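1. The sequence and its predicted three-dimensional model are supplied below.
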Amino acid sequence: MSEPRAPATDETGIRQTDAIEEASDPLKPKIAVTLAIVVVIAGMLAVLQTQAGANESTTARETTRTAVRAMSANVATSTLLGVRSEIKAEHDFLQYRRPLDAGAPSLAAAAGLTEQPGTLSKDLQAAQRLPTKQLLSELGPLQLEAEHQVLKQQALATTRVTWNTRSTQYTTVLAVLAAALFLIGFGLVVEGSVRRVTYGLGLAIAAFVVVWGAWIYHLPIPSTPDNAITAAAQGAVLTSDGDYRGGVAAYDRAIAAHEDFATAYTGRARARLLAANPDYPLTRAFTDPRGSATAAAVADANRALELGGRRDLLGEGLLALVGFYRGDYPEAVRDADAAIEINPGVPDVWLLKSAAQLALGQDAAADASLTKALRLLDGSDPSQRTRLLAASYLSYLAAVANNSPARAPQARRLSTRVVATETAFTLGRKLPGALPATGRIQVDDLRFTNGRLSLVIRWQGLPTGTALGAIAYERPVANGTWTQPPDLALFATIGSNGKRRISVPLSRVCEPTAVRADVYLDGAPALSTVGPGVSSTC
């Protein structure tokens, strides 16, 4: 009897078996080829993900170095600005100080401090030796460098974020591609209709991933040319120095160099707005709410917000300010809310929102917004910044009272609250909030003439320790709204009888057509008086 023959195991037999399997299911070799292709694609995506991560790290290091340079330049600039203020104060003091021998010749002579007639005052000689010109020559380039580094840091930060986002996207693509690989490979171990389903699903996902990866690869990486950054830095410095038209021209160059430079649009919007309302930084006077320059500023702010994904606090704040002074209070509230969503810790925006809510008759909401702003200032010290905030809010309330007379009583109520808070804040003590039981106060000779605001405050019989708050307003346009300049406020402790004569030089483009003084005692309104100004210059 013959033994059974063993199955063929040679190479020819294997090929015959594979051929039989391929003939019975032609999908199997296609799955194998697809797997190889998908693996190659995965490798390419991994390389792209690694490159994106490396570029993000490189940009992050450059951003850090630029931030350090920006910090150093800003510290140096702040130091020089402080020195300039000190030198200016010393220069003014030395030039206008009374001669040492005036009024007490024997005392001055005894001290050996008298000067020979006809000789140049030693004080004036000292004033002329102060290094003002040298300081200014060094300050300008340093300010430009500081601004340039800040803008470069912002541009690099945007590039870094984009590289980081791309790296994360590639990681997600690879994770989805892994699922496609599993489904395609699973088709090799199953048969029948299940094989076709898993292969088809995996192939569809792989095709989607290829398209997704190609789309990510072709997304632009933001990069701001250095000449655009330099021009924008020049625009910022010129605007800061009060050369608003020069600032607009510089920002024009920045936008010409990079038409999608959001920061340049925001800067140009601010420069245009200040060019149309040149006294605003000094007096909070908004004299051109509907002019063409203001309209162009609004267009620039909207363009900046469009380019920046509606994440520009300055742009939203500018739109809220223009909306408020145009009387579009709902729009002002909406734009203020958009700015608050970006950064809720800016008291300026809460104050503007409060005034707009007051104009809309939303008294409780206006009080709440004001309270929020005051809480943000809690713990800070009296400063130019806090005075500026109070002046801005008082100017907003004056605009509400002027444009909506029915809201004037509520505007005066909030004005009293703010002045009482600021007086207590400045004097460092709580106030009764009611007028003193005895005494009286009056304002005489209030006027603006020859470039100076003048008035005399007299009081009789006031209790010792009475808190005085005197707030002066200007009317830059005839029959227009009042505005409260930050530098026209007096806070003092008085009592008994006395007087204070005040004469302040005012340099304005739009000179006051009328002036007003509101006087508060112990946080309560005591009087309000109006004086004449000059013919309208705007």
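-> Sure, I can see it. Numbers count the residues shown, from 1 in each chain.
2. which residues does A206 contact?
-> Each residue near A206 by CB atoms under 8 Å, 6 or more residues apart in numbering is listed here: 34, 38, 41, 177, 180-181, 184. Using the backbone N, CA and C atoms, a C-beta is placed for each residue, glycine as well.
3. ugh, wrong one, I meant E191
-> E191 makes contact with D25, according to CB under 8 Å, 6+ apart.
4. three-state assignment of it?
-> Per DSSP: H, G, I helix; E, B strand; the rest coil, the local secondary structure of E191 is coil.
5. That one and T198, how far apart?
-> Relative to T198, E191 is positioned 11 Å away (criterion: CB to CB, to the nearest Å).
6. rewinding a little: of the contacts of A206, closest to G308?
-> Nearest to G308 among the contacts of A206, counting by CB to CB, is L177 at 33.0 Å.
7. Run through the residues that contact that closest one.
-> 38, 41-42, 45, 205-206, 209.
8. rewinding a little: from the contacts of A206, which ones fall inside helices?
-> Residues of the contacts of A206 located in helices (DSSP state H): 34, 38, 41, 177, 180-181, 184.
9. In CSV, list the residues you listed along with pLDDT and distance to T171.
-> CSV is the format used below for the ones in helices among the contacts of A206 (pLDDT from 0 to 100; distance: CB to CB, whole Å):
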residue, pLDDT, distance to T171
T34, 93, 23
V38, 93, 17
I41, 94, 15
L177, 95, 11
A180, 94, 15
L181, 93, 16
I184, 92, 21
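10. Next, format those as a markdown table and append distance to T162.
-> Formatted as a markdown table, those follow (distance: CB to CB, whole Å):
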| residue | distance to T162 |
| --- | --- |
| T34 | 33 |
| V38 | 28 |
| I41 | 23 |
| L177 | 22 |
| A180 | 27 |
| L181 | 28 |
| I184 | 32 |
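11. Filter those down to the buried ones and hand me the ChimeraX line.
-> Command for ChimeraX that selects the buried part of these, burial taken from 16 or more other CB atoms under 10 Å:
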select :34,38,41,177,180,181,184
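12. so which of the ones in helices among the contacts of A206 comes closest to T481?
-> Each of the ones in helices among the contacts of A206 was scored against T481 by CB to CB, and L177 proved nearest at 63.7 Å.
13. low pLDDT regions in the stretch 51-200 of the chain?
-> The stretch 51-200 of the chain contains residues with pLDDT under 70 at 80-139.
14. For it, which segments are assigned as helices?
-> For the stretch 51-200 of the chain, the helices defined by DSSP state H, counting those that start in this stretch cover 105-110, 122-129, 132-186, 193-217.
15. Return the most buried member of those.
-> Most buried of the helices of the stretch 51-200 of the chain, by mean neighbour count (mean count of other CB atoms under 10 Å): helix 132-186, with a mean of 18.
16. chain center to it: distance?
-> Relative to its chain's centre, helix 132-186 lies at 20 Å (CA atoms, centre = their mean, to the nearest Å).
17. Excluding sequence neighbours, find me the nearest residue to the residue most central in space within the chain.
-> The centre of the chain sits closest to L314, judged by CA atoms, centre = their mean, with a distance of 4.3 Å. Leaving out its chain neighbours, the residue that sits closest to L314 by CB to CB, 6 or more residues apart in numbering is T266, at 5.4 Å.
18. which residues does the one you found contact?
-> 300-301, 304, 308, 312, 314-315, 318.
19. which one of the residues you listed has the most neighbours?
-> Of all the contacts of T266, the highest neighbour tally under other CB atoms under 10 Å goes to G315, namely 29 neighbours.
20. which residues of the protein fall in strands?
-> For the chain, the strands defined by DSSP state E cover 440-449, 452-475, 489-505, 514-521, 524-532.
21. Report the inter-axis angle for the shortest one versus strand 524-532.
-> Comparing the axes of strand 514-521 and strand 524-532 via axes from the mean of the first three to the mean of the last three CA atoms, to 10 degrees yields an angle of 160 degrees.
22. can you check the second one too?
-> In this structure, strand 452-475 runs at an angle of 110 degrees to strand 524-532, with the same axes, to 10 degrees as the basis.
23. Can we start the residue count at 699 from this point?
-> Okay, residue one is now 699; in that scheme the one you just asked about reads as strand 1150-1173.
24. re earlier: can you pull the pLDDT of the residue nearest to the centre of the chain?
-> In the prediction, the pLDDT value recorded for L1012 is 93.
25. residues touching the nearest residue to L879 once chain neighbours are set aside, list them.
-> The spatial neighbour of L879 that comes closest, neighbours along the chain excluded (CB to CB, 6+ apart), is V736 at 5.6 Å. Counting by CB under 8 Å, 6+ apart, V736 makes contact with 875, 878-879, 882, 904.
26. What is the most widely separated pair among the residues you listed?
-> Farthest-apart pair in the contacts of V736 is L875 and I882; separation 10.3 Å (CB to CB).
27. Go ahead and confirm R943 touches A973.
-> Yes: between R943 and A973 there is a contact under CB atoms under 8 Å: 5.7 Å.
28. which of these two has more neighbours?
-> A973 (21 against 15).
29. Am I right that the more buried one is in contact with Y942?
-> Yes: using CB under 8 Å, A973 is in contact with Y942, at 3.7 Å.
30. and of the ones in helices among the contacts of A904, the nearest to P1210?
-> Closest to P1210, out of all of the ones in helices among the contacts of A904 and judged by CB to CB, is L875, at 71.2 Å.
31. so how far is Y868 from the closest one?
-> 10 Å.
32. Spit out the residues that contact these two alike.
-> Common contacts of L875 and Y868, defined by CB under 8 Å, 6+ apart, comprise L743.
33. picking up where we left off before, farthest pair within the contacts of L875?
-> Most distant of those, by CB to CB, are L743 and I903, 13.6 Å apart.
34. For the residue nearest to L879, give its distance to V907.
-> From V736 to V907 the distance is 9 Å (CB to CB).
35. go on, V1116?
-> 60 Å.
36. Give me the phi and psi for E957.
-> Per-residue torsions, E957: phi -70, psi -10 (degrees, to the nearest 10).
37. neighbours around it, how many?
-> The number of residues packed near E957 is 12, by other CB under 10 Å.
38. residues contacting T764?
-> Contacts for T764 were tallied using CB under 8 Å, 6+ apart; they are 847, 850-851, 854.
39. ok so, going back, of the helices of the stretch 749-898 of the chain, give the one that comes closest to A1037.
-> Set against A1037 and scored by CB to CB, these come closest in helix 830-884, at 18.3 Å.
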